[in-house]
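**Q** Structure of the sequence below:
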Amino acid sequence: MKRWYVVQVYAGFEDQIKADITKRIAHDGRQDLFGEILIPSAKMRQFFETDTETDQQLFPGYILIEMEVLPEALRLVTSTPRVIKMLGGKDPVPLSKREIDRIISQIKGEVAVTVSKVAEFNVGTEIEIADGPFAGFVGMIDKVESEAEKLTVMVSIFGRSTPVELRFDQVKR
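**A** Numbers count the residues shown, from 1 in each chain. Below you'll find the model as predicted:
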């Protein structure tokens with residue numbers, strides 16, 4: 001069964017690595033083991049120029065591959081130039097359905113971004129990130145800096161808990 005996996009690559013080479021992997025799949029005749037290859041990016045509107053949009057990567061240095069985890073498929077991906085590793089090492093961990101759905105909705109621009117009013121935040125409270133590259137993610141408040149109006153939120157990114165610093169206006173309850 002094909003599942004989604006995260007591949008760590010050299011930042012800035014994501015498009016080239018995607019093309020290389022696609023060529024290698026076709027050359028080796030392994031299309032049956034692979035599905036889509038995604039570079040998580042989203043359209044971002046320039047702040048001062050309202051009519052131009054640029055494609056900004058959500059997770060620089062990472063690509064997502066839908067594949068079956070078989071030795072020949074792993075070897076094909078990990079031996080591609082500029083691929084560092086698959087997250088999870090020798091036994092890659094697939095993304096959950098919820099994580100991949102959230103990333104795909106960000107790519108398609110379906111995640112609604114709203115700004116909430118400044119409120120009182122408590123350590124251990126679950127919040128949703130409403131703005132920035134992690135919009136749509138849910139996390140737990142780890143630290144509150146009221147004077148600076150900042151929060152440190154623990155967010156699960158690719159199955160690992162990661163601290164993310166956010167402003168009060170970037171989150172909603």
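
**Q** any idea how this structure splits into domains?
**A** 3-108, 126-172 (automatic domain parsing).

**Q** Figure out which of the ones you listed is closest to residue 120.
**A** Nearest of these to residue 120, taken as C-beta to C-beta: domain 126-172 at 8.6 Å. (C-beta placed from N, C-alpha, C; glycine too.)

**Q** how about low-confidence regions in the protein?
**A** 42-55, 110-119 (pLDDT under 70).

**Q** hmm, back to that, what would the domains of the chain look like in JSON lines with distance to residue 120 and mean neighbour count?
**A** Formatted as JSON lines, the domains of the chain follow (distance: least, C-beta to C-beta, whole Å; neighbours: other C-beta atoms under 10 Å):
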{"stretch": "domain 3-108", "distance to residue 120": "27", "mean neighbour count": "15"}
{"stretch": "domain 126-172", "distance to residue 120": "9", "mean neighbour count": "16"}
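
**Q** Skipping its backbone neighbours, what lies nearest the most centrally placed residue in the chain in space?
**A** The centre of the chain sits closest to residue 59, judged by C-alpha atoms, centre = their mean, with a distance of 4.8 Å. Closest residue to residue 59 apart from its sequence neighbours, by C-beta to C-beta, 6 or more residues apart in numbering: residue 40 at 5.1 Å.

**Q** Please, where are all the strands along the chain?
**A** 3-9, 34-38, 41-45, 53-57, 62-67, 83-86, 126-129, 138-145, 150-157, 160-167, 171-172 (DSSP state E).

**Q** The first one pairs with which strands, and in what direction?
**A** It stands for strand 3-9. strand 62-67 (antiparallel), strand 83-86 (antiparallel) (DSSP bridges).

**Q** Tell me how far residue 97 lies from residue 89.
**A** 22 Å (C-beta to C-beta, to the nearest Å).

**Q** actually residue 166, not the one I wrote
**A** Here the criterion is C-beta to C-beta. By it, residue 166 lies 30 Å from residue 89.

**Q** ditto for residue 171
**A** Distance from residue 171 to residue 89, by C-beta to C-beta: 33 Å.
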